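# let's see this in three dimensions:
(one chain, ligands or ions: 1)
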Amino acid sequence: MGGMRTLSLVFRPAAPEDAPLLHQVYQASPGYFALIGMERPTLEDVARDLATLEKDHRRRAFLIFQEAEAVGYLDYKLHYPEAEDATLSLLLIREDRQGQGLGRRALAHLVEHLAGVERLYAVVYGNNARAIAFFKAQGFRHVKDGGPALSWYVRELKAGP
Ligand SMILES: CC(C)(COP(=O)(O)OP(=O)(O)OC[C@H]1O[C@@H](n2cnc3c(N)ncnc32)[C@H](O)[C@@H]1OP(=O)(O)O)[C@@H](O)C(=O)NCCC(=O)NCCS
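Presented below is the predicted three-dimensional model:
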């Protein structure tokens with residue numbers, strides 16, 4: 001026996017019935033909501049958001065599992081802002097699991113599955129130095145500020161196989 005085992009991450013599409021699980025991930029991540037100056041969403045908010053999201057055929061939402069444990073959430077929109085782009089609205093790793101490489105691995109997993117997408121944008125809310133450091137470390141560059149509390153980052157993806 002030797003070495004450390006890297007537990008694989010599994011993305012599972014988040015449907016409205018997953019609201020309790022996503023709510024738990026949010027409840028366990030108070031720092032993010034404090035940072036962006038928002039209340040943590042209630043279970044009803046989460047259920048409503050997932051139902052709304054499901055109606056938009058360009059939106060994709062996934063719960064991120066490590067073994068049986070929900071450790072994060074990912075939400076992006078395909079063909080936005082342009083047809084060949086995608087935009088990450090939120091990548092959230094549960095607070096007690098941050099800083100362990102899961103965000104980096106989740107992003108790599110996403111990029112692998114974005115066949116045909118040329119640019120991946122990331123929208124960062126609030127004064128979120130950690131997220132900015134994270135996206136820069138993952139090859140994103142700042143594009144523009146969309147208002148005092150919103151900034152856009154982008155990473156060019158390799159086209160083709
Ligand atoms: C931002 C976030 C997704 C990063 O995920 P994570 O699992 O904590 O990050 P990782 O452990 O994979 O870090 C990857 C790299 O990002 C950078 N990074 C991460 N946290 C950092 C910090 N606090 N300060 C500086 N750099 C940091 C480092 O370069 C790190 O590389 P290393 O592991 O070689 O040191 C996570 O902290 C999170 O969910 N935050 C709350 C939600 C949020 O702000 N989402 C982004 C806006 S959409």
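
# what's around the residue lying closest to residue 153 once chain neighbours are set aside, how many residues?
With Cβ to Cβ, 6 or more residues apart in numbering as the criterion, residue 153 has its nearest non-adjacent residue at 4.0 Å, and that residue is residue 140. Using the backbone N, CA and C atoms, a C-beta is placed for each residue, glycine as well. Look at residue 140: counted by other Cβ atoms under 10 Å, it has 21 neighbours.

# one more: residue 75?
Residue 75, neighbours per other Cβ under 10 Å, totals 19.

# what does the one 3 residues further on give?
Using other Cβ under 10 Å as the criterion, residue 78 is surrounded by 16 other residues.

# so it sits right up against residue 86, yeah?
Yes - in this structure, residue 78 is within contact of residue 86 by Cβ atoms under 8 Å, at 5.1 Å.

# need the residues touching each of these two.
Both residue 78 and residue 86 are in contact with residue 117, where contact means Cβ atoms under 8 Å, 6 or more residues apart in numbering.

# which secondary structure element contains the residue lying closest to residue 117 once chain neighbours are set aside?
Leaving aside its sequence neighbours, residue 117 sits nearest to residue 86 (Cβ to Cβ, 6+ apart; 4.7 Å). Here residue 86 is covered by strand 85-93, with elements defined by DSSP states H and E.
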